[in-house]
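Peer 1: The sequence and its predicted three-dimensional model are supplied below.
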Amino acid sequence: MALHNGLLIHSPGYWAAAVRDDSGGISVASGKKRTPLGGKALDKYPLLRGVVRLADALAVLPEVKSKLGQAVLPIESSRVAATIGVTSLLTAVLRRGDGDSVLRKELSAVLLSLAPAVLALKNSSLAGYHGAEHRGIGEYERWMKGGEGRVAKEHDRCGSNLVGPLLATNLVGNVLMRRIQRRPGPAATLVTGLVSLGTAMEAFRWMSRHPESTLARAVSSPGHVLQKFLTTEEPTEDQMEVARAALREILEQEGRPWGEKASSASASSS
């Protein structure tokens, strides 16, 4: 996860974060996940495993803030918080309005939901650290394979590539739900959202395992376009320094210091 002033990287059992602090130096913190979720036992449960792994990634945020108080999370922006409030209100009004088809309403609502992320990344340091995240992990993965040289700021396992599947599953799920119930309650909305997310995570999982597939490239193309033009920027050397510090820390937590051959899968791109 890219931060406004650094980077958070997690593996199945550990997390590590590095930020550029107020003095201009780099502050680093790390730890073992207290309640690791999404272990191998859940790998046999489609839909559930993706949702649980995402929850696992978010569960470390309070500890990150506790140990590294200067870390600025993506949502810690007044304009982003305001946008989330406005888009939530507009979405509710849009879905209650008359005159448009259910499909048109849901398509408009789904597209509107992208606004907070767009605003958070537009002309911000977050996009630069997002590029640094991808490049740092890409450097390590290339080094593990014996290669060298500059790597791209885009990454195949970036969460941006979840956008296409998630928009599609949300659209289908919400349309079907509103065909059954014109004004569904909170429980129906929650269940539909979780099923849509789980389905999108399954698609993302498949794409990550079949990157050369024509279908995978087609489904991930919206995410690659977002990475190229919006969600990432070319990182500065200062940002790359922070990204490498976070990467070294997570590798050391796992007993795999930089320079030791290990599976590149230990570092997760988000």
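Peer 2: Received, thanks.
Peer 1: In terms of pLDDT, where does Leu226 sit?
Peer 2: pLDDT for Leu226: 82.
Peer 1: So for it, what's the nearest residue that isn't a sequence neighbour?
Peer 2: Ser160 (4.7 Å; CB to CB, 6 or more residues apart in numbering). C-beta here means a position set from N, CA and C on the backbone, and glycine is covered the same way.
Peer 1: Helix or strand next in line after the worst-scoring helix or strand of the chain on mean pLDDT, which one?
Peer 2: Among the helices and strands of the chain, helix 115-121 carries the lowest confidence by mean pLDDT, DSSP states H and E, at a mean of 66. Downstream of helix 115-121, the next assigned helix or strand under DSSP states H and E is helix 125-144.
Peer 1: show me where pLDDT drops low in the stretch 1-150 of the chain?
Peer 2: 35-41, 77-81, 83, 90, 92-102, 104-106, 110-111, 114-123, 147-149 (pLDDT under 70).
Peer 1: Now with 90, please.
Peer 2: Along the stretch 1-150 of the chain, segments meeting pLDDT under 90 span 1, 10-14, 22, 32-59, 73-127, 136-150.
Peer 1: Flag every buried residue along the helix ranked longest in the chain.
Peer 2: The longest helix of the chain (DSSP state H) is helix 186-209. For helix 186-209, a neighbour-count test (16 or more other CB atoms under 10 Å) marks 192-193, 195-204, 207 as buried.
Peer 1: and which of the residues you listed is nearest Leu47?
Peer 2: Gly198 (3.4 Å; CB to CB).
Peer 1: Just the helices from the stretch 1-150 of the chain, written as ranges.
Peer 2: Read by DSSP state H, counting those that start in this stretch, the stretch 1-150 of the chain holds these helices, from start to end of the chain: 48-58, 61-67, 78-96, 102-112, 115-121, 125-144.
Peer 1: what separates Lys145 from Cys158, distance-wise?
Peer 2: Using CB to CB, to the nearest Å, we find Lys145 at a distance of 19 Å from Cys158.
Peer 1: more neighbours, these two?
Peer 2: Cys158 (23 against 7; other CB atoms under 10 Å).
Peer 1: Quick check: phi and psi on the more buried one?
Peer 2: phi -60, psi 140 (degrees, to the nearest 10).
Peer 1: quick one: it and Gly131 touch, right?
Peer 2: No. The pair Cys158 / Gly131 is not scored as a contact, 10.2 Å apart, by CB atoms under 8 Å.
Peer 1: Now the common contact residues for the two.
Peer 2: Taking CB atoms under 8 Å, 6 or more residues apart in numbering as the criterion, Cys158 and Gly131 both touch Thr232.
Peer 1: Could you tell me which ranges of the stretch 151-270 of the chain sit under the pLDDT cut-off?
Peer 2: Applying pLDDT under 90 to the stretch 151-270 of the chain picks out residues 151-168, 170-186, 188-190, 193, 205, 207-212, 216-234, 251, 253-270.
Peer 1: At which residues are the helices of it located?
Peer 2: Under DSSP H, counting those that start in this stretch, the stretch 151-270 of the chain gives helices at 163-180, 186-209, 214-226, 237-253.
Peer 1: Figure out which of these is closest to Arg135.
Peer 2: Taking CB to CB, helix 237-253 is the member of the helices of the stretch 151-270 of the chain nearest to Arg135, at 6.5 Å.
Peer 1: Now do the buried residues in that closest one.
Peer 2: Under the neighbour-count criterion of 16+ other CB under 10 Å, helix 237-253 has 239-240, 242-253 buried.
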